[in-house]
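Trainee: I need the structure of the sequence given here:
(one chain, ligands or ions: 1)
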Amino acid sequence: MSARILVADDIEANRRVLQGKLEAHFHVVLEASNGLEAIEVARNERPEIILLDVMMPGINGYETCERLKADPATAHIPVVMVTALSDSEERVRGLEVGAEDFITKPVDDFQLNSRIEALRRYNMVAHELRQRQGRGGTALEFDDNETEDINRKVRILIMDEHPRRSRRLKTMLADAGHEVYSYLEAGGGAALSSTGVDVIILPLSDQSFDPLKICTHFRMTEMTRPISIIVASEPHETQLAARALAYGASDVIQMPIEPQELLARVRTQTKRTRYIEIMRKRLDRGVELSVIDQLTGLYNRRYMMSQLNQLMKRALIGGRSMSVIALDIDHFKQVNDTYGHGAGDSVLQQVAERLQANVRPIDIVCRPGGEEFVVILPDTEGDRAAAAAERVRRSVAGEPFVLPAGEQIDVTLSAGVALLAGMEDTPSVLLSRADKALYQAKNEGRNRVCSVAA
Ligand SMILES: [Mg+2]
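Mentor: Numbering: from 1, shown residues only. A predicted model of the protein is given here:
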């Protein structure tokens, strides 16, 4: 699949070289001949990846990168610094101003395309999550909890069977304050599940196992998929490193490893995975928010109606029974009027707890609104549903409720039970039958269970 890639370089010949390499892999190339132009093209064209020359007249590559990262419209686009500088400090500077990666001139064809593939994989995940959040191309702003999550200590596993190299890596990372585990010391992969690793450092040479298999394995296993793998390669191992990237490594660092570069790459990888992790969490929470009543943690009306609909169909098709219980707290208004709404909320929460404690795990307990509750009981005949309702009634009436201010009050509820009758039943018909039974319970003096024959 082709990507739209912006190449920013002040020298036309350089742009032609990169263009040739990228087009050979069917990518679409956009061009800019200086930093300001690059920013403009990035804003207007929204490329998927930006290749940015460091040395340019006017604003240089670093400053261009900083401005791209500071602009919410372009902050999410990965930037690869293209540098002729072999000095590691200069390379690291690119990562420090927010670049996702760097490559050195003359640009190696294999490395270039492997890097682009790795970034595109990240892009796809991040893009999909942003889309599902309805955020389009804009950058995320994090709340305090999320910021804490992003900045939490990084856990790193060094998978290196070479004792001296392993020790050296460990020292570099531990000196920077990271929590470091070594494969050698931990006695193999068993340490993984227990430690919740963020990043793995995996040298490619001098290992008794196949590092490429490790990359594949980690990517194919659900639990380890979010872990970033940084492979360390010797200068002559570029092809192997490129294959590691193709098999699922997240990044490559060349040996001999400079501490600064290693730390910068760990930081970049961690930022990426945690960004994705936070977006995933937000999505999960979003799904939860839409079906859960925030006060009691029970299902809300929306979820109740959709479940009722599905379970009724299933019961009718399968020729099985199904019941619903409608419950309502007696004289709830008096609790609010006498003790305040905080006390009322507390009673609702405690009733929800007693309700859940007295039904089966397969039963669906909902709070459609106010002081009303509904329990959906799959595979349940009317008399067994009535027995469940009676159990709930007794557990509520049997023991006083303790309010937040310390007072104890007695609470009771009334319940109506209805059994699924047949094809002509709809969720609202079934519910209104349960409501009718509930009114009967109220009329007969409350604190009781009534059933309506179908
Ligand atoms: Mg230049």
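Trainee: helix or strand right after the helix or strand where Ser428 lies?
Mentor: Element membership for Ser428 (DSSP states H and E) is helix 427-443. Next along the chain after helix 427-443, taking DSSP H and E as the criterion, comes strand 449-452.
Trainee: What strands flank that following strand, and is each parallel or antiparallel?
Mentor: With DSSP bridges as the test, strand 449-452 is paired with strand 413-419 (parallel).
Trainee: Distance from the strand it pairs with to the middle of the chain?
Mentor: 40 Å (Cα atoms, centre = their mean, to the nearest Å).
Trainee: Next, give phi and psi for Leu327.
Mentor: Note on Leu327: backbone dihedrals following degrees, to the nearest 10 are phi -130, psi 150.
Trainee: buried sites along stretch 442-454?
Mentor: Lys442, Asn447, Arg448, Val449, Cys450, Ser451, Val452 (16 or more other Cβ atoms under 10 Å). Where you see a C-beta, it was placed from the backbone N, CA and C, and this is true even at glycine.
Trainee: from those residues, which is closest to Ser166?
Mentor: Of all the buried residues of stretch 442-454, Ser166 sits closest to Val449, with 68.0 Å by Cβ to Cβ.
Trainee: related to what we said a few turns ago, between the helix holding Ser428 and strand 413-419, how many degrees?
Mentor: Angle of helix 427-443 versus strand 413-419, following axes from the mean of the first three to the mean of the last three Cα atoms, to 10 degrees, is 140 degrees.
Trainee: List, one by one, the residues from the stretch 1-150 of the chain near the ion.
Mentor: With Cβ under 5 Å from the ion as the criterion, the stretch 1-150 of the chain meets the ion at residues Asp10, Asp53, Met55.
Trainee: With respect to pLDDT, which of these ranks lowest?
Mentor: Across those, the bottom pLDDT score, 91, is held by Met55.
Trainee: can you list contacts of stretch 154-165?
Mentor: 166, 169-170, 173, 178-184, 186, 191-192, 195-203, 206-209, 211, 214, 266, 270 (Cβ atoms under 8 Å, 6 or more residues apart in numbering).
Trainee: Pull out the buried residues from those.
Mentor: Here, 16+ other Cβ under 10 Å leaves 166, 169-170, 173, 178-184, 186, 192, 197-203, 211, 214, 266, 270 buried among the contacts of stretch 154-165.
Trainee: rewinding a little: so for the helix holding Ser428, mean pLDDT?
Mentor: Mean predicted confidence for helix 427-443 is 96.
Trainee: Okay, buried residues for that helix please.
Mentor: For helix 427-443, by 16+ other Cβ under 10 Å, it's Pro427, Leu430, Leu431, Arg433, Ala434, Asp435, Ala437, Leu438, Gln440, Ala441, Lys442.
Trainee: and that helix, C-alpha only, in CSV?
Mentor: Coordinates of each C-alpha in helix 427-443 appear next as CSV, following Å, rounded to 0.1, in the frame of the first residue of the first chain:
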residue,chain,number,x,y,z
PRO,A,427,-40.0,-5.4,25.4
SER,A,428,-42.3,-2.6,26.3
VAL,A,429,-45.4,-4.9,26.6
LEU,A,430,-43.4,-7.2,28.8
LEU,A,431,-42.2,-4.3,31.0
SER,A,432,-45.6,-2.8,31.3
ARG,A,433,-46.9,-6.1,32.5
ALA,A,434,-44.2,-6.2,35.2
ASP,A,435,-45.1,-2.6,36.1
LYS,A,436,-48.8,-3.6,36.5
ALA,A,437,-47.7,-6.2,39.0
LEU,A,438,-45.6,-3.7,40.7
TYR,A,439,-48.5,-1.3,41.1
GLN,A,440,-50.5,-4.1,42.5
ALA,A,441,-47.8,-4.7,45.1
LYS,A,442,-47.9,-1.0,46.0
ASN,A,443,-51.6,-1.0,46.3
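Trainee: I'd like to know which elements that helix is packed against.
Mentor: helix 301-318, strand 322-329, strand 413-419, strand 449-452 (3 or more Cβ pairs under 8 Å, 6 or more residues apart in numbering; DSSP states H and E).
Trainee: Can you point out the buried residues in the second one?
Mentor: If you call a residue buried by 16+ other Cβ under 10 Å, then strand 322-329 has these buried ones: Met322, Ser323, Val324, Ile325, Ala326, Leu327, Asp328, Ile329.
Trainee: In this structure the fourth one contacts Ser414, no?
Mentor: No - in terms of Cβ atoms under 8 Å, Ile325 does not count as a neighbour of Ser414; the distance is 10.7 Å.
Trainee: In the stretch 1-150 of the chain, mark out all the helices, start to finish.
Mentor: 12-24, 35-45, 61-70, 88-96, 109-132, 144-151 (DSSP state H, counting those that start in this stretch).
Trainee: mind putting those in a markdown table, mean pLDDT and mean neighbour count included?
Mentor: Below are those laid out as a markdown table (pLDDT from 0 to 100; neighbours: other Cβ atoms under 10 Å):
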| stretch | mean pLDDT | mean neighbour count |
| --- | --- | --- |
| helix 12-24 | 94 | 16 |
| helix 35-45 | 97 | 18 |
| helix 61-70 | 95 | 21 |
| helix 88-96 | 77 | 19 |
| helix 109-132 | 76 | 18 |
| helix 144-151 | 77 | 12 |
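Trainee: what about the residue lying closest to Thr224 once chain neighbours are set aside, how many neighbours?
Mentor: By the measure of Cβ to Cβ, 6 or more residues apart in numbering, the closest residue to Thr224 outside its immediate chain neighbours is Phe218, 4.4 Å from it. Neighbour count of Phe218, defined by other Cβ atoms under 10 Å: 24.
Trainee: Let me know the helix or strand that Phe218 is in.
Mentor: helix 211-220.
Trainee: Quick one: mean pLDDT over the helix or strand following that helix.
Mentor: Next helix or strand after helix 211-220 toward the C-terminus (DSSP H and E): strand 228-233. Averaged across strand 228-233, pLDDT comes to 94.
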